[in-house]
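Trainee: pasting a predicted model and its sequence here:
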Amino acid sequence: MGNRCAMARTQRGPVPKIGGTGALRGQSLWRAVRKNRMGSLNCRVDAARSQAGSSIIEFIFLVVLLLVPLVYLVVGASQVQAASYAAVGAADHAAKVFVTAETEGQGQTRAADAVRRASANMEIRSDRTHFSYSCRGSCLSPGSTVTVKVSIDTVLPLLPEGWSWRTGNVGSTATQRVDRYG
């Protein structure tokens with residue numbers, strides 16, 4: 001098929017002139033032009049048949065090349081956002097439960113539980129969360145403030161359990177005042 005197309009290209013020659021003197025070997029003008037065009041059309045059809053099925057391969061290749069990294073990027077961004085929400089919620093709730101405690105030890109236990117629960121709500125393992133607290137004035141005395149800092153390590157998404165690769169951390173701080181009149 002490729003040889004016939006190459007022959008059709010080389011045999012074309014000049015377009016026959018009107019008047020019959022340039023017509024190809026006694027054929028009419030329109031027959032010669034039609035024959036010339038049909039040869040070209042057959043070559044195009046043959047070329048299209050040889051390309052059949054390649055568009056689906058190109059489509060799959062482009063989807064894998066472009067769409068998979070884009071989806072991974074979106075999943076990674078959503079995990080960073082979830083860690084951010086968890087850090088803000090954990091710091092806020094930990095500070096609130098700390099100032100309602102009777103003793104500093106009880107406040108620390110309540111704050112640790114609040115941080116653990118807030119991170120669990122966003123499906124973040126507790127070993128990735130860290131918190132600390134500080135008090136202005138003596139802790140839990142009326143009018144003093146308690147500041148809780150929560151940081152959550154972010155990791156690459158969709159990795160096996162032992163392969164967590166730390167990519168950064170997200171943190172939040174919340175401050176609550178201990179009631180003056182209890």
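Mentor: That came in fine, so what should we check first? Numbers count the residues shown, from 1 in each chain.
Trainee: give me the secondary structure label for the residue nearest to Arg128 when sequence neighbours are not counted.
Mentor: Of all residues not flanking Arg128 in the chain, Asp153 sits nearest, at 4.4 Å (C-beta to C-beta, 6 or more residues apart in numbering). Just so you know, the C-beta spots here come from the backbone N, C-alpha and C atoms, and that holds for glycine as well. Following DSSP: H, G, I helix; E, B strand; the rest coil, Asp153 is assigned to strand.
Trainee: I'd like the distance between Leu158 and Gln79.
Mentor: 9 Å (C-beta to C-beta, to the nearest Å).
Trainee: more neighbours: which of the two?
Mentor: Between Leu158 and Gln79, counted using other C-beta atoms under 10 Å, the more crowded position is Gln79 (20 against 10).
Trainee: got any ranges where the chain has weak pLDDT?
Mentor: 1-53, 182 (pLDDT under 70).
Trainee: would you tell me which helix is longest in it?
Mentor: Looking across the chain with DSSP state H, the single longest helix is helix 68-99.
Trainee: by how many degrees do the helix or strand just after that helix and helix 68-99 diverge?
Mentor: Heading C-terminal from helix 68-99, the first helix or strand you meet, by DSSP states H and E, is helix 104-121. Interaxial angle, helix 104-121 versus helix 68-99 (axes from the mean of the first three to the mean of the last three C-alpha atoms, to 10 degrees): 160 degrees.
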